[in-house]
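J.: can't give you the sequence, but here's the structure:
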């Protein structure tokens, strides 16, 4: 079909806005599936994991290809729950556009803002679909206004609803000036009903006025009150969407099959093809200041980004790849620019949810699964070995909560380790570390649901019966003062000894992570040993000093030292660097940092006082309250994660089950002095230290 007639899009939204239902209708109307799968009965095509079917939510992003009006649409359905934000993050990195789905009642929710910010970060063009227009309390124009007020979306109304709530029966397309009505599941296209004519004219003028700002030809026709050709409106809209200066807004009720076919038309008409997005820029492997463009052309050297890994019981590891340029053939050998090693690609697959289609070769703009790429991980660049470059990788969020998992028997230990390695490859947003004294393994993730799913998969997919501890907070360690430390490592045990000497200053580095500065002059520490000192410090950072939490926001300046011509080695300086750093850390005002969560709470008016009082008891802060819908308010607040265990039960109890909330990680903040000793004692008891 050609690259111009392909679309790589994602379906993103807050949880329960109806993303998966929208996707299922798209698959049905494009003929990809013969039966509509429903989320509530566990039959959704895109929710094929057992855990997704049991819970009625999307956990992993699923990819599928379908066709509409001579175009290929590659769709990625992403989770709405914040615990699985890595799935949205990596999908955003490789998509050319997204359909952002909003509930016509709930409007712009907390996770809506999160996915919008992710789209901003990766500069992903988008259109908006306001779903659930058939629900009580649906208000299309109010949600469209929220898009501008809360997201600065540049939202422009492209459709109007015909009726609302129980009376919702179709949509008016302001571009084609046609009405799409749906009676008993059948689509009828006709003239705009006279009762809606005046309103439709008003909003069409608003649409044309908005587009006139971005195109001189259209502006001239508009000002002269001449008829504006349909193809010009579509061309200007597409250019505006590609540049992310405008967000067309559509509406429907996916469950009732209303508005899906016009939405597919809009995806083809307004969403960018890989060609529209233009070249991707890669970094030179030897000179970070030098860039290489790769155009979406078969004539450019091949390059692509690995964005997801899954383990299939039948074909083994599948690596999902977005190709940007060139041609990749089954059986070819490619270069992994991230690792510096070559990979042989034995097979190529086009994925249709849980089904797959074998491909002989793929070109620019394709999203496919590779079989055989054993050492490629999420965020790695695959390219032509003769024209290497490094593409921008994928941001991995930091885990905030952990549980201990221990094998039920010695026989289970090896199975547990193997299963966790595979899960870690699939999901880089959770980490694994060992507690030597107890033999337990600590698994950390994005939230309680995230960890529940991991433990569930250990049992159902890998057959591992693990003993699971209570959830606990993943703190961070940092310092609040400068300290100068001098350490000399001298060991003699016959033959070559070990000698290393370092002098370093450590200082707080808030919000900037770890930085290492080398100020050695005169070769007192030979240059070949400097990386070993840094490596020793990085070992200590990952293992923790006060407890087993990772160390963040510290700057280390290596000032002085000495070496021995015979006894000095990389290992000696690595060990010396680690010890010197640890000794300095405990004297530099060490502190724990705790995760602070952002809360979005929707509650009836009569329960606001109880909700706010409870937040105050949990060391929470209320930032704002606004009208949510008639008789209810939306509370925007923040509170420490350690105070929010069991919060779902508390909210239900305080509001007689009528309030609901969502939360996500916002930032790390210093733990109050009154709690520092308590947390340290608990951590050291867990690790078996005194």
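T.: Structure received. Just so we're clear, the structure is a prediction, and the values are computed from it rather than from any experiment.

J.: least trustworthy helix or strand in the chain by mean pLDDT?
T.: When the helices and strands of the chain are compared on mean pLDDT, DSSP states H and E, helix 50-55 comes out lowest with a mean of 39.

J.: okay, strands next: where are they in the stretch 301-450 of the chain?
T.: 303-312, 316-325, 328-329, 333-336, 341-344, 347-352, 355-359, 361-362, 367-371, 381-383, 401-407, 431-435, 440-445 (DSSP state E, counting those that start in this stretch).

J.: which of those strands sits closest to residue 560?
T.: strand 431-435 (33.3 Å; C-beta to C-beta). Heads up, the C-betas are built off the backbone N, CA and C, glycines and all.

J.: centre of the chain to that closest one, how far?
T.: 23 Å (C-alpha atoms, centre = their mean, to the nearest Å).

J.: and it, what other elements does it pack with?
T.: Packing partners of strand 431-435 (3 or more C-beta pairs under 8 Å, 6 or more residues apart in numbering; DSSP states H and E): helix 410-426, strand 440-445.

J.: what sits against the residue lying closest to residue 223 once chain neighbours are set aside?
T.: Spatial nearest neighbour of residue 223, excluding adjacent residues (C-beta to C-beta, 6 or more residues apart in numbering): residue 212 at 7.6 Å. Residues in contact with residue 212 (C-beta atoms under 8 Å, 6 or more residues apart in numbering) are 218-219, 222-223.

J.: the helix or strand residue 574 falls within: which residues count as buried?
T.: Assigned by DSSP states H and E, residue 574 falls within helix 570-585. Applying a neighbour-count criterion of 16 or more other C-beta atoms under 10 Å, one finds 572-585 buried in helix 570-585.

J.: kindly report the same for stretch 109-124.
T.: For stretch 109-124, using 16+ other C-beta under 10 Å, the buried residues are 109-116, 118-119, 122, 124.

J.: before we move on, the earlier item: skip ahead from the least confident helix or strand of the chain and say which helix or strand is next.
T.: strand 62-68.

J.: what mean pLDDT does that following strand get?
T.: For strand 62-68, mean pLDDT is 78.

J.: what's the angle from that strand to strand 316-325?
T.: On the basis of axes from the mean of the first three to the mean of the last three C-alpha atoms, to 10 degrees, strand 62-68 is oriented at 50 degrees to strand 316-325.

J.: chain center to strand 62-68, what's the gap?
T.: 20 Å.

J.: partners of it in the sheet?
T.: The strands beside strand 62-68 in its sheet (DSSP bridges) come out as strand 71-77 (antiparallel).

J.: now do whichever helix or strand comes after the strand it pairs with: which elements does it pack against?
T.: Using DSSP H and E, the helix or strand that directly follows strand 71-77 along the chain is helix 85-94. Using 3+ C-beta pairs under 8 Å, 6+ apart, the elements in contact with helix 85-94 are strand 6-13, helix 110-121, strand 303-312.

J.: I'd like these laid out as JSON lines, including mean pLDDT and distance to residue 527.
T.: Converted to JSON lines, the helices and strands packed on helix 85-94 look like this (pLDDT from 0 to 100; distance: least, C-beta to C-beta, whole Å):
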{"stretch": "strand 6-13", "mean pLDDT": "88", "distance to residue 527": "46"}
{"stretch": "helix 110-121", "mean pLDDT": "83", "distance to residue 527": "37"}
{"stretch": "strand 303-312", "mean pLDDT": "86", "distance to residue 527": "34"}
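
J.: most widely separated two among the buried residues of stretch 109-124?
T.: 109 and 122 (20.6 Å).

J.: if I look at residue 308, how far off is residue 395?
T.: Separation of residue 308 from residue 395 (C-beta to C-beta, to the nearest Å): 14 Å.

J.: what does residue 259 give?
T.: With C-beta to C-beta as the criterion, residue 259 and residue 395 are 33 Å apart.

J.: please apply the same query to residue 429.
T.: 10 Å.

J.: also residue 156?
T.: According to C-beta to C-beta, residue 156 stands 30 Å off from residue 395.

J.: the more surrounded of those two?
T.: residue 156 (23 against 14; other C-beta atoms under 10 Å).

J.: element containing the more buried one, please.
T.: Going by DSSP H and E, residue 156 is part of strand 155-157.

J.: and the residue nearest the centre of this protein?
T.: residue 89 (2.2 Å; C-alpha atoms, centre = their mean).

J.: can you give the contact residues for the helix holding residue 574?
T.: 477, 479, 483-489, 498-506, 525, 528-529, 531-537, 539-540, 545, 551, 554, 556, 563.

J.: so of those, which ones are in helices?
T.: Judged by DSSP state H, these include 531-537, 539-540 as members of helices.

J.: quick revisit: need the winner for burial among the helices and strands packed on strand 431-435.
T.: Comparing these by mean neighbour count (mean count of other C-beta atoms under 10 Å), strand 440-445 ranks first with a mean of 22.

J.: partners of it in the sheet?
T.: With DSSP bridges as the test, strand 440-445 pairs up with strand 401-407 (antiparallel), strand 431-435 (antiparallel).

J.: indicate which one of those is closest to residue 93.
T.: Using C-beta to C-beta, those put strand 431-435 closest to residue 93, at 20.4 Å.

J.: now that closest one: buried residues?
T.: Applying 16+ other C-beta under 10 Å to strand 431-435 flags 431-433 as buried.

J.: average pLDDT across that strand?
T.: Mean per-residue pLDDT for strand 431-435: 80.

J.: just stretch 613-626 next, same as before
T.: 93.

J.: pull up the distance across that stretch, start to finish.
T.: End-to-end distance of stretch 613-626 (C-alpha to C-alpha, to the nearest Å): 17 Å.

J.: okay, residue 485: pLDDT?
T.: 97.

J.: one step back: among the strands paired with strand 440-445, which is nearest residue 618?
T.: Checked against C-beta to C-beta, the stretch from those lying closest is strand 401-407, at 15.9 Å.

J.: tell me which element residue 635 is part of?
T.: Here residue 635 is assigned to strand 632-640, by DSSP H and E.

J.: okay, now the sheet partners of that strand, with direction.
T.: Strand 632-640 has these strand partners (DSSP bridges): strand 590-604 (antiparallel), strand 621-629 (antiparallel).

J.: before we move on, back to that, the strand holding residue 156 - contacts with which helices or strands?
T.: Checking 3+ C-beta pairs under 8 Å, 6+ apart, strand 155-157 ends up next to helix 140-151, helix 194-212, strand 247-251.

J.: got the contact list for that strand?
T.: 128, 141, 144-145, 147-148, 174, 203, 206-207, 210-211, 246-249.

J.: out of these, who's nearest residue 26?
T.: Using C-beta to C-beta, these come closest to residue 26 at residue 128, 15.8 Å.

J.: no more questions from me, cheers.
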